[in-house]
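A.B. asks: here is my input; please provide its structure:
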Amino acid sequence: MKLKVSTPLLVFVVYFTTTTLFRWQWSLSLVWFWLGGALGMLFIYLDRLIYIYWTRPHEQLSEHLRHLLESKRFREALTLIDQRQAEQRQLVSKSVLFMAAWAAASLFIITSAASLLATGFVLGIGLRLFLDIVKDIRHLLRLKDWLFWPIKRAVTLEETKIVVVVFFAVFLFFTLLVI
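C.D. replies: Residues are numbered from 1 along each chain as shown. All right, here's what the predicted structure looks like:
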């Protein structure tokens with residue numbers, strides 16, 4: 001049996017291993033850092049559940065996913081969510097407004113809170129956003145659509161590029177603060 005490792009899982013392990021190694025402060029408490037990171041990476045699924053049950057419950061995908069979840073076919077539901085994630089375009093956690101709120105909360109948590117769980121959580125969310133942006137970086141129109149869906153004005157591709165560069169810089173800065 002061949003084990004298939006997903007890209008987000010591999011990136012998570014590499015990122016958190018590298019961050020842990022560069023910290024030079026190894027202790028059992030780093031388990032909380034890793035747990036927070038895993039919860040942050042999975043946070044997008046909470047947003048997807050909100051989309052399914054409250055934001056867009058009447059969409060065909062939402063109805064199908066609810067049926068799978070109610071039938072306790074969780075693996076099928078997770079696979080379907082991953083395969084058809086592009087159809088859930090208006091997720092709260094995938095927008096420039098969420099990114100701004102994430103940046104403010106992350107700055108506060110990383111610089112003020114002593115909780116490794118919370119630090120790992122915000123870095124996990126940032127890593128997931130990073131992966132989603134990298135996945136769509138060659139398709140700027142699609143990236144612009146999910147990034148700026150709550151903005152009620154025309155956004156240019158140049159503005160999209162600026163937001164992406166700023167996000168990458170902020171994520172790198174927060175990573176360096178943790179190290």
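A.B. asks: from now on I want contacts and neighbour counts done on CA atoms only, so please keep to that.
C.D. replies: OK.
A.B. asks: low pLDDT regions in this protein?
C.D. replies: For the chain, the stretches flagged by pLDDT under 70 are 1-5.
A.B. asks: for it, which residue occupies the most central location?
C.D. replies: Nearest to the geometric centre of the chain sits R128, at 2.9 Å (C-alpha atoms, centre = their mean).
A.B. asks: mind checking the SS state of it?
C.D. replies: Of the three states, R128 takes helix under DSSP: H, G, I helix; E, B strand; the rest coil.
A.B. asks: excluding its backbone neighbours, what's nearest it?
C.D. replies: Spatial nearest neighbour of R128, chain neighbours left out: M41 (5.4 Å); criterion: C-alpha to C-alpha, 6 or more residues apart in numbering.
A.B. asks: separation between the one you found and K152?
C.D. replies: Distance, M41 to K152, using C-alpha to C-alpha, to the nearest Å: 28 Å.
A.B. asks: please say which of these two ends up with more neighbours.
C.D. replies: Neighbour comparison, M41 and K152: the larger count goes to M41, with 23 against 7 (by other C-alpha atoms under 10 Å).
A.B. asks: after the helix or strand where that one lies, next one along is what?
C.D. replies: M41 is located in helix 30-50, with elements delineated by DSSP states H and E. Scanning forward in sequence from helix 30-50 by DSSP H and E, the next helix or strand is helix 60-70.
A.B. asks: in terms of secondary structure, what does that next one contact?
C.D. replies: helix 74-83 (3 or more C-alpha pairs under 8 Å, 6 or more residues apart in numbering; DSSP states H and E).
A.B. asks: ok so, going back, wait, what's in contact with the residue nearest to the centre of the chain?
C.D. replies: R128 makes contact with P8, G40, M41, I44 under the criterion C-alpha atoms under 8 Å, 6 or more residues apart in numbering.
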